[in-house]
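[1] Structure, please.
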Amino acid sequence: DKKITFEIWDTAGRERYKSLAPMYYRGASAALIVFDITCRDSYNGAKLWINEIYQKTQNCLTMFVANKSDLINEYKDRDDEYYVKPEEIEEYAEKEKINHIFTSAKTGNNIEKTFQIIGKYLLENKKNNTNTNTNTNINLDENIIVNEKKGCC
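    Residues are numbered from 1 along each chain as shown. Predicted structure coming up:
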């Protein structure tokens, strides 16, 4: 029942934007590091961005977002060196104590839920006058009402 406005900046993870990135995340309340599970380079690049965010921000909730989860079943039995298996993603997230979620921009799966989780978390921290912490884990299995819809937006 609260309205939250998100200001979203997208660097597309490109190396050429790396020098500009601090102006994007300076003062940010949350960061979504999104990668493509069908592309190992995307995953490895996302892990570098996680380190960057952790080193250069304070009070920023960070979420590791595995996109293209609609392709998990298609890729699960392949011996494809470029595909990142869900177990590998979960193991990394657990080891680094980072929040993670599997999404699909194609089907819309968990897109709205991702933003609802962030919004709820930020509202609770504002209400409690507490700061977010980059290493804080949040419960991603909370009972949040999500209107699942087909398509990206």
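[2] use CA for all of it now, contacts and neighbours both
    OK.
[3] show me where the protein has strands.
    According to DSSP state E, the chain carries its strands in the segments 30-36, 61-67, 99-102.
[4] Now render those as JSON lines, adding distance to residue 42 and mean neighbour count.
    Output for these, formatted as JSON lines (distance: least, C-alpha to C-alpha, whole Å; neighbours: other C-alpha atoms under 10 Å):
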{"stretch": "strand 30-36", "distance to residue 42": "5", "mean neighbour count": "21"}
{"stretch": "strand 61-67", "distance to residue 42": "10", "mean neighbour count": "24"}
{"stretch": "strand 99-102", "distance to residue 42": "15", "mean neighbour count": "22"}
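[5] Can you add mean pLDDT and distance to residue 10 and give those back as TSV?
    Shown next, in TSV, are the strands of the chain (pLDDT from 0 to 100; distance: least, C-alpha to C-alpha, whole Å):
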stretch	mean pLDDT	distance to residue 10
strand 30-36	92	10
strand 61-67	93	14
strand 99-102	94	18
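[6] out of the ones you listed, which comes closest to residue 93?
    With C-alpha to C-alpha as the criterion, residue 93 lies closest to strand 99-102 of those, at 6.5 Å.
[7] which secondary structure elements does the closest one contact?
    Using 3 or more C-alpha pairs under 8 Å, 6 or more residues apart in numbering; DSSP states H and E, the elements in contact with strand 99-102 are strand 61-67, helix 86-96.
[8] rerun that using 6 Å as the cut-off
    Applying 3 or more C-alpha pairs under 6 Å, 6 or more residues apart in numbering; DSSP states H and E, we find strand 99-102 packed against strand 61-67.
[9] export the strand it packs on as CSV, just CAs?
    The C-alpha trace of strand 61-67 is given here as CSV (Å, rounded to 0.1, in the frame of the first residue of the first chain):
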residue,chain,number,x,y,z
LEU,A,61,21.4,-3.6,-0.8
THR,A,62,22.8,-5.8,-3.6
MET,A,63,21.0,-8.5,-5.4
PHE,A,64,22.6,-11.0,-7.8
VAL,A,65,20.0,-11.6,-10.5
ALA,A,66,20.2,-14.7,-12.8
ASN,A,67,18.3,-13.9,-15.9
